[in-house]
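**Student:** Provide a 3D model corresponding to the input given below.
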Amino acid sequence: MPVILIANPKGGVGKSTLASNVAGLLAHRGHSVMLGDTDPQHSLKQWLAQRPAQLPAIHSWDQIGDGKAVVKPPKGISHVVLDTPAGLHGKRLQTLFRLADRLVIPLQPSLFDIQATYSFLQSLHDLQRETGHSPGVALVGMRAREGTLSAQQLQQFVQGLGLPVLTMLRDTQNYVQLAARGLTLWDVAPGRVERDLAQWQPLAAWLDG
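**Tutor:** Residues are numbered from 1 along each chain as shown. Reported below is the predicted structural model:
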């Protein structure tokens, strides 16, 4: 059962947006998906409450709690997606890190996000050494605007990390408008979000691998 952890200690980088759409992708493919919300704000739990019943089901993993105590998800679940709060560190990070088979790190093209992400990557390197656990790790650029200086700075930053940058997701109101109704990119007509779906293809392929 793959566990996909969405993490970055920097707030406002798009973790919940990424987590909900990863869950939507997996559910659309016919998997039995459980979405765990370890953020005290419980934004994803509220999002799930808005999700129309006729859509592919995404189950809420309430037992994940605050990440300090973790129990196994119920039988029948094939994939788990975990969202995480800002400020994730220490024992809480270690607990969730040990669970992860894949770790996706969203970041935005800003100096503050880049600095916070660099420190987080150092923490992950230390955890890998301490625990002997090595989940697949990859980066996803969020709210990227092509041709801007900030996007160029982000590209320069990630080139020296030795980690795959799977894709750069554009800055669009599609995510905001869909989230307000409990939806993901895969819950609407493909023609409405064609450009966004194309940007997700590398991430989808990496998750399959």
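
**Student:** going forward, measure contacts and count neighbours with C-alpha atoms only.
**Tutor:** Will do.

**Student:** so where's the longest strand in this structure?
**Tutor:** strand 136-144 (DSSP state E).

**Student:** List of residues touching that strand?
**Tutor:** 13-14, 101-109, 151, 163-172 (CA atoms under 8 Å, 6 or more residues apart in numbering).

**Student:** go with 7 Å
**Tutor:** With CA atoms under 7 Å, 6 or more residues apart in numbering as the test, strand 136-144 has contacts from 13-14, 101-109, 151, 163-171.

**Student:** Keep only those of those residues that are in strands.
**Tutor:** Arg102, Leu103, Val104, Ile105, Pro106, Leu107, Val165, Leu166, Thr167, Met168, Leu169, Arg170.

**Student:** between the residues you listed, which is closest to Thr184?
**Tutor:** Of all the ones in strands among the contacts of strand 136-144, Leu169 has the smallest distance to Thr184: 14.1 Å, by CA to CA.

**Student:** Which residue, neighbours along the chain excluded, lies closest to the closest one?
**Tutor:** Met142 (5.1 Å; CA to CA, 6 or more residues apart in numbering).

**Student:** How many neighbouring residues does the one you found have?
**Tutor:** By the other CA atoms under 10 Å criterion, the neighbourhood of Met142 contains 22 residues.

**Student:** Now do the SS call for Leu183.
**Tutor:** Applying DSSP: H, G, I helix; E, B strand; the rest coil to Leu183 yields a three-state assignment of coil.

**Student:** Could you number the chain from 36 rather than 1 from now on?
**Tutor:** Taking 36 as the first residue, the last one we looked at is Leu218.

**Student:** What separation do you get for it and Gly46?
**Tutor:** 22 Å (CA to CA, to the nearest Å).

**Student:** Just want to know which of these two has more residues nearby.
**Tutor:** Per other CA under 10 Å, whichever of Leu218 and Gly46 has more neighbours is Leu218, with 22 against 15.

**Student:** Quick check: closest non-adjacent residue to the more buried one.
**Tutor:** Leaving aside its chain neighbours, Leu218 sits nearest to Arg86 (6.2 Å; criterion: CA to CA, 6+ apart).

**Student:** tell me the contacts of that neighbour?
**Tutor:** For Arg86, the contacting residues are Arg216, Gly217, Leu218, by CA under 7 Å, 6+ apart.
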